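Chemist: Sequence first, then the predicted structure, then my questions.
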Amino acid sequence: MSFVAGVLAVNAAFLAVGYALIGPVRWRPSWAGVALLVGAGSVGTLVFFATIAGFRASLAVAAVVAAAAAACALVFWFRAQHAREQRTPPRSLDPLTGAACGVMIAVCVLGVVGGFRSSPWLDDVWGIWLPKGLALWHHGLDERLFAPSGEYVTFGVPDYPLWWSVITSLDVQAVGDLDVRVVCAQLALLTVAFVGAVARLLWDCVRPQVLAASLLLLVLSPELWRHVQGGIADLPLAIYLALALLSGARWLQTREPFLLGLAGLSLAVALQIKTEALVEVAALVAVAGLFARRLLWSTLALLAAVPWLAWRRLHDVPSRAELDLTRIERLPDATRAVAEHLFDPTEWLIIVPLAIVLALVARQPKVLLVPAALLAVVLFAYWVDRDEINFVLATSAYRVIDPVVLSAAVLIPLLAESFLQQRHPLREDRALVGEP
Amino acid sequence: MVLAAAAVPWSDGPLRRLAGGEGEERDAKFDVELDARSLRAAVSQVGDSTYFAEWPGGSPLQQGNLKAAGQLYLPHGLPVLERARAEWIVVVRDGRVVVTQRR
């Protein structure tokens, strides 16, 4: 199969599984972004678990787990008693909003084209992530390669979970030949799916002008597409954490069980992407508990980390993190470097400062605890890390902030809408008392 | 307009970079000079055997790139830490990979 056809075929399968998982009431094109993220997240996680159970990360194994997941989901949905989702009445777009949507779609199209034409610039991608995926395909989770033994050359960062390696390995297998561009192509598709998912989940509660402007701010951020073309694993991690946050926020508004399930699934997938996700998910759940006790149920998502932690423990795979709290002098440098990346308008435009301002003017500063908790995890990791601080900041600070940025990005439309709704009654009150 | 701006071949603006510029090859962008074609050619020789990769006189960066290249292009094989345990020796000469059977 050709390169483009192979990647598209894998993603078509993810999409089909995703649609099965989100249920027949959402079988509409507008749910494609959510479906792709749910499908890729679920299949990648299940194949990863299959490798822990002794299987290889092959297309055949992926096909079996995908079919099983889809079948179980369909049985569940057809048995479940549920009201049909009410169709959202079509909302007309004013010319300016229409133009913003057009530019956003064009930028996303270019981003996908660029993903398919880019070889990842980050050496970790071709040096660690993809080779691990290929080894999972050919050898399975072979302890000779995945656990330090003194006899075989093992992979770098052996404590990292392997979802991203599994996904990109499936792409290579579908293409039929080693082509490292699959990593950027896959990441571009997930990124566009994320944009579509945010639009879908907020369509019913945020006015189109606000939603279009917020998403335009995200897709016009140079760093977003630079990370896509780098094949950086921090970006899918950020995508799933932000999806969990958004689903949780929408659940607070609607109390729709599906949204709570989507939040839990997104957290579970995030745990399979990078080691720091364990602390980030725990931090998010703790903050979520401040908003609604029932959100503490998402703590159950942490169970999804158990299989990999158990395998690591069984095979003596060491953790990179070292809990040495004596090196507090690393914090000022780390804070400065991270803040520079968060607030540099040439990287993420004004996403983070805008989220802060909106939270303050909308009188919801508590919401800022979410990105603040993720930021605290990043800074804590730099505090206890073993490597030389300037080296580690130069090679990672620009990307480990992705979860902070994307969480701020999904809060912007919610906060802006909240602010506008607060202003509306104020205007009516002024009219009542005869003020302008 | 956005799509058209990206397609203009002589521009080097952000939209063209977004679309992948001139486009890149299917091989890894190594930090050092390392011929990917010779790595692809080595796949059939090494197969699923053990191999030992070395870059005589190579810097840590060159050694690191070779280690990663072996794991990427020779995924059937098993890289070993000791030369004496390897069935195949993967050596870099003038940026090209040469594979020989260990005697």
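Modeler: Right, received. Where do you want to start?
Chemist: check which helix or strand covers residue 65.
Modeler: This is for chain A. helix A:59-79 (DSSP states H and E).
Chemist: That was the other one, I meant chain B.
Modeler: Per DSSP H and E: helix B:60-73 holds B:Asn65.
Chemist: Now do the phi/psi pair for B:Ala53.
Modeler: B:Ala53 adopts backbone torsions of phi -100, psi 130, taken as degrees, to the nearest 10.
Chemist: does it really touch B:Val90, like I thought?
Modeler: Yes: counting by Cβ atoms under 8 Å, B:Ala53 does reach B:Val90; the two are 4.3 Å apart. Using the backbone N, CA and C atoms, a C-beta is placed for each residue, glycine as well.
Chemist: low-scoring stretches of the chain, by residue?
Modeler: Assuming you mean chain A. A:81-89, A:321-322, A:425-436 (pLDDT under 70).
Chemist: hm, I was asking about chain B
Modeler: Looking along chain B with the criterion set at pLDDT under 70, you get B:1-12.
Chemist: Count residues in the vicinity of A:Cys45, would you?
Modeler: Rather than Cys, residue A:45 is Thr. 24 (other Cβ atoms under 10 Å in any protein chain shown).
Chemist: Excluding covalently adjacent residues, which one is nearest to it?
Modeler: Of all residues not flanking A:Thr45 in the chain, A:Gln272 sits nearest, at 5.1 Å (Cβ to Cβ, 6 or more residues apart in numbering or on different chains).
Chemist: measure the one you found to A:Ala20 for me?
Modeler: 20 Å (Cβ to Cβ, to the nearest Å).
Chemist: hmm, back to that, quick check: what element follows the helix holding B:Asn65 along the chain?
Modeler: strand B:78-79.
Chemist: So what are the sheet partners of that following strand and their directions?
Modeler: strand B:50-54 (parallel) (DSSP bridges).
Chemist: Extract the C-alpha trace of the strand it pairs with and format it as PDB.
Modeler: The C-alpha trace of strand B:50-54 is given here as PDB (Å, rounded to 0.1, in the frame of the first residue of the first chain):
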ATOM      1  CA  THR B  50      22.300 -10.700  16.700                       C
ATOM      2  CA  TYR B  51      24.400  -7.800  15.600                       C
ATOM      3  CA  PHE B  52      27.000  -5.400  17.000                       C
ATOM      4  CA  ALA B  53      27.100  -1.900  15.700                       C
ATOM      5  CA  GLU B  54      30.300   0.200  15.900                       C
END
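Chemist: and that strand with helix B:60-73, angle?
Modeler: 150 degrees (axes from the mean of the first three to the mean of the last three Cα atoms, to 10 degrees).
Chemist: A:Val317 - how many residues pack around it?
Modeler: A:Val317 has 18 nearby residues by other Cβ under 10 Å.
Chemist: would you say it is within a helix?
Modeler: No: looking at A:Val317 with DSSP: H, G, I helix; E, B strand; the rest coil, it is coil, so not inside a helix.
Chemist: where's it relative to chain B, distance?
Modeler: For A:Val317, the distance to chain B equals 17 Å [Cβ to the nearest Cβ, to the nearest Å].
Chemist: Can you name the residues that contact that residue?
Modeler: A:Phe146, A:Ala147, A:Pro148, A:Pro158, A:Asp159, A:Trp311 (Cβ atoms under 8 Å, 6 or more residues apart in numbering or on different chains).
Chemist: and which of those is nearest to chain B?
Modeler: A:Pro148 (10.2 Å; Cβ to the nearest Cβ).
Chemist: Verify the assumption that that closest one is located in a strand.
Modeler: No: applying three-state DSSP, one finds A:Pro148 to be coil, outside a strand.
Chemist: OK, contacts around it?
Modeler: A:Thr154, A:Pro158, A:Asp316, A:Val317, A:Pro318.
Chemist: swap the cut-off to 10 Å and go again
Modeler: The neighbours of A:Pro148, taking Cβ atoms under 10 Å, 6 or more residues apart in numbering or on different chains as the test, are A:Thr154, A:Phe155, A:Pro158, A:His315, A:Asp316, A:Val317, A:Pro318.
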